[in-house]
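Peer 1: Everything below, folded, please.
(4 chains)
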There are 2 protein chains.
Amino acid sequence: MQSKPTTIKEIARILNISPSSVSRGLHDHPSIGAVTREKIKQLAKSLNYEPNNAAILFQKGKTYTIGVILPELSEHFFSIAISAIEDEAIKKNYTVIFAQSHDNYEQEVKLVEKMKNQRVDGLLVSISKDTSKFDHFEKLNSFNIPVVFFDRIPPFKNVHYVACSLESATIKAVNYLLKKGHRSIGMINGPNTLYASEERKEGYMQAINFNRLKFDPTLVLNCDLTEQGTIEAAEQFLNHKRKPTAIVAFNDYVALFLIKYFKKLNVIHDFDIVSYANLPIISYLDNSPVASVEQYPYLQGQKAANILLDLIHSPNSEKQAYYNTIVESDLIVNEVKE
Amino acid sequence: MQSKPTTIKEIARILNISPSSVSRGLHDHPSIGAVTREKIKQLAKSLNYEPNNAAILFQKGKTYTIGVILPELSEHFFSIAISAIEDEAIKKNYTVIFAQSHDNYEQEVKLVEKMKNQRVDGLLVSISKDTSKFDHFEKLNSFNIPVVFFDRIPPFKNVHYVACSLESATIKAVNYLLKKGHRSIGMINGPNTLYASEERKEGYMQAINFNRLKFDPTLVLNCDLTEQGTIEAAEQFLNHKRKPTAIVAFNDYVALFLIKYFKKLNVIHDFDIVSYANLPIISYLDNSPVASVEQYPYLQGQKAANILLDLIHSPNSEKQAYYNTIVESDLIVNEVKE
DNA sequence: AAAAACAACGCAAACGTTTGATTAATTTTG
DNA sequence: CAAAATTAATCAAACGTTTGCGTTGTTTTT
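Peer 2: Reported below is the predicted structural model:
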């Protein structure tokens, strides 16, 4: 049983026909007669013939493989997204290979290189936090490997991408809080270097302006997203001259730290918290956020994968148009607790 | 820029030497002179030469790829495990391809087939819930593709596997509860068909016996792991003649349902709950389990990957010994809440 | 001065499959 | 019945790289 796998050549030799006929027979090519075809198929089956993929890929110059590069697979958002990607890929008979950049620019560059060497048919990327140069992706053009960015996308339009509009989501969130009667709304934002921070702030401002309120810049704080940073931001809010009654947290972790801290100080009931969903069971918390911005990772992954497969199958002449897909995010209001 | 990628042949043609020399030159083969070598390398660089992986793989009959098949990537446990697998693989310059069985036996069979066709160098598998036949893995033997199972492993020893001993973990858990003074301890177990259920029950019984207590079979309930099923089990405990004061839950979901239900009934403080960790932030819950069985998914993934890479590199003569690795699980006692 | 060693490179086969062009045999058509 | 069309199969090249074995010259050893 440790013999070499059966090859087309062997089948051909045994049947005393040419390898090309065997190949064609197995593929139901019309130029092979029914009798020969059946003989071929039978022998193939009885010999446990399995096509050598490596050879086929090499021959066809196609790998039927798509690569996925993302920062951290164990983050809930990404694990859902890549799960969707795999689901879509397998439907079209593609295989998924992936690698994690661990939010490291150099690693990302290496991985892009590696994916290129693997000759993936296409690449899905969610860029790392400290990526600000994008040359490493341009090389892929000359290899005709299409790239679709998702969720964490570069700050320009002339690429394919799928992402959530956190701006409009934030508008919804702030509007919701305003409608609930809040007049001083704080925001714990991420570092200014992040595009995601920009979007959140922009949405916040838009909502405030739209409701003809005055924007108070001291109510939007930057935070390094650690527990300590969150506590510092919370402190500032507690001592604020217009102490906010609601807080928009950058993500569920920040919300978690915030809730923990406020509960310790016994002031948790003074605040309504809204967050951006990235932890599964946060709604099970006792004082969970009153609402969450849902970013539909499964849908994003699905769309990104389908766009990529589209690009792979479309002639490379159609290079003019870029898919810029925005997945609408929704504000999920948590059920009122009994 | 849409020209075909540079090949060794082309470099050879330009330099008027043979392809074999180019290949050797690029690999620093001693039989190529320093001058020629440098000329080759320079031209290669300036022409943006990238080795065609498909060709190399084909010619070497190795793919430097390991396949991973698991039930559901978006489950926290698996996302951590595969994250570890990728980390290990990339250290050894291997690529990871993966696919999800979605806990479906037929799908699993198909995927094994597919992985085989992809000629992965090795396979890591966490089997699906409704897998009870294992022939599909045996085929891999004839292709010399080693398999290492992890976490969800087949019920026999003559395979390579890495898993957690849930039995010893359960002993620890029950012992802990006994030491805390509990004398009636309930267990919400999974379906009897699961090996994991068997292990938990076995551990429970061992701990009880070891402490010279009497085992009461009505305190170990089977459950379909849904919320409804959990509630039904909870009801039984509440009406039990020896109403338990502590409950061992099959996993964090069950614990979650249980906590929710008990809180609704306002009896949450009557119970100490122990669970098997599979949700990240459960310890942030207000009435979180007093202890959790940690199964170290990262470590499991890491070990499984390393064993597989070992098997790949070791001569296939060493087929006698099987790696049966048990990762000790620990009981993590949650901090006392202030 | 002959033999041996070595350095630097080329030849050609091989890996397994696909595919355009070709051939040979048979059948259909005008 | 000759010419055209159809059927069934073969040939050979190609995909890009690696590698065992030869083949040159040149240098070193006896």
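
Peer 1: Against chain B, how distant is residue A:39?
Peer 2: Distance, residue A:39 to chain B, using CB to the nearest CB, to the nearest Å: 23 Å. For the C-beta atoms, the positions are set from N, CA and C on the backbone; glycine is no exception.

Peer 1: Any idea how many residues pack against that residue?
Peer 2: Number of residues near residue A:39 (other CB atoms under 10 Å in any protein chain shown) recorded here: 17.

Peer 1: Could you tell me which residues make contact with the closest residue to it other than its chain neighbours?
Peer 2: With CB to CB, 6 or more residues apart in numbering or on different chains as the measure, residue A:15 is the residue that lies nearest to residue A:39, at 6.2 Å, once sequence neighbours are left out. Neighbour list for residue A:15: A:22, A:39, A:40, A:43 [criterion: CB atoms under 8 Å, 6 or more residues apart in numbering or on different chains].

Peer 1: Is it correct that the last one is in contact with residue A:13?
Peer 2: This means residue A:43. No: the pair formed by residue A:43 and residue A:13 falls short of the contact definition of CB atoms under 8 Å, at 10.8 Å.

Peer 1: Who has more neighbours out of the two?
Peer 2: Neighbours around residue A:43 and residue A:13, counted as other CB under 10 Å, are more numerous at residue A:43. The numbers are 18 against 13.

Peer 1: so where's chain A uncertain?
Peer 2: Applying pLDDT under 70 to the predicted model, the residue ranges of chain A that meet it are A:1-3, A:315-320, A:335-338.

Peer 1: residue boundaries of the helices in it?
Peer 2: If you assign secondary structure with DSSP state H, the helices in chain A sit at A:8-15, A:19-26, A:34-46, A:53-60, A:76-91, A:105-117, A:135-142, A:166-179, A:195-210, A:227-238, A:252-264, A:297-313.

Peer 1: export those helices to CSV and tack on distance to DNA strand D?
Peer 2: Rendered in CSV, the data for the helices of chain A read as follows (distance: least, CB to the nearest atom of the strand, whole Å):
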stretch, distance to DNA strand D
helix A:8-15, 8
helix A:19-26, 3
helix A:34-46, 4
helix A:53-60, 4
helix A:76-91, 25
helix A:105-117, 10
helix A:135-142, 14
helix A:166-179, 43
helix A:195-210, 38
helix A:227-238, 49
helix A:252-264, 45
helix A:297-313, 19
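
Peer 1: what's near enough to touch the closest residue to residue A:208 other than its chain neighbours?
Peer 2: For residue A:208, ignoring the flanking residues on the chain, the nearest one in space by CB to CB, 6+ apart is residue A:215 at 4.9 Å. Applying CB under 8 Å, 6+ apart, one finds that residue A:215 lies in contact with A:205, A:208, A:209.

Peer 1: Pick out whichever of those sits closest to residue A:34.
Peer 2: Taking CB to CB as the measure, residue A:34 sits nearest to residue A:205 out of those, at 72.2 Å.

Peer 1: What residue, apart from its backbone neighbours, is nearest that closest one spatially?
Peer 2: Per CB to CB, 6+ apart, closest to residue A:205 is residue A:215, 5.5 Å.

Peer 1: ditto for residue A:149
Peer 2: Nearest residue to residue A:149 in three dimensions, chain neighbours excluded: residue A:161, at 4.2 Å (CB to CB, 6+ apart).

Peer 1: Does that neighbour touch residue A:327 like I think?
Peer 2: No: with the criterion set as CB under 8 Å, residue A:161 and residue A:327 do not qualify as a contacting pair; they are 10.6 Å apart.

Peer 1: Looking at those two, which is more packed in?
Peer 2: Taking other CB under 10 Å, residue A:161 and residue A:327 do not tie; residue A:161 has more neighbours (23 against 19).

Peer 1: And the more buried one, how far from chain B?
Peer 2: Following CB to the nearest CB, the distance that separates residue A:161 from chain B is 22 Å.

Peer 1: Now do the contacts for that residue.
Peer 2: A:148, A:149, A:150, A:153, A:154, A:322, A:323, A:324, A:325.

Peer 1: Check the burial of the last one by counting its neighbours.
Peer 2: The one in question is residue A:325. A count of neighbours around residue A:325, defined by other CB under 10 Å, yields 16.

Peer 1: Looking at strand pairing, list the partners for it.
Peer 2: Residue A:325 has these beta-bridge partners by DSSP bridges: residue A:162.

Peer 1: can I see the domain layout of chain A?
Peer 2: Here chain A is described, according to automatic domain parsing, as comprising the domains A:8-51, A:63-164+A:297-328, A:181-289.

Peer 1: Endpoint to endpoint, the first one covers what distance?
Peer 2: Same thing as domain A:8-51. One end of domain A:8-51 sits 8 Å from the other (CA to CA, to the nearest Å).

Peer 1: right, and residue A:54 touches residue B:119 too?
Peer 2: Yes: applying CB under 8 Å as the test, residue A:54 and residue B:119 come out as touching, 5.5 Å apart.

Peer 1: Overlap in contacts, those two.
Peer 2: Taking CB under 8 Å, 6+ apart as the contact criterion, the common neighbours of residue A:54 and residue B:119 are B:61, B:63.

Peer 1: what's the burial count for residue A:298?
Peer 2: Neighbour count of residue A:298, defined by other CB under 10 Å: 15.

Peer 1: same deal with residue A:130?
Peer 2: Counted with other CB under 10 Å, residues neighbouring residue A:130 total 12.

Peer 1: Can you give me every residue that contacts it?
Peer 2: Counting by CB under 8 Å, 6+ apart, residue A:130 touches A:103, A:104, A:105.

Peer 1: same thing but at 6 Å, please
Peer 2: For residue A:130, the residues meeting the contact criterion (CB atoms under 6 Å, 6 or more residues apart in numbering or on different chains) are residue A:105.

Peer 1: any idea how far residue A:138 is from it?
Peer 2: The span separating residue A:130 from residue A:138 equals 19 Å under the rule CB to CB, to the nearest Å.

Peer 1: which parts of the stretch 51-200 of chain A sit against chain B?
Peer 2: On the criterion CB under 6 Å from any CB of the partner chain, chain B has as its neighbours in the stretch 51-200 of chain A the residues A:53-55, A:57-58, A:73-74, A:79-80, A:83, A:86, A:95, A:97, A:100, A:117-119, A:142.

Peer 1: one step back: closest one of the contacts of residue A:15 to DNA strand C?
Peer 2: Nearest to DNA strand C among the contacts of residue A:15: residue A:22, at 7.1 Å, using CB to the nearest atom of the strand.

Peer 1: Before I go, just wanted to say thanks for your time.
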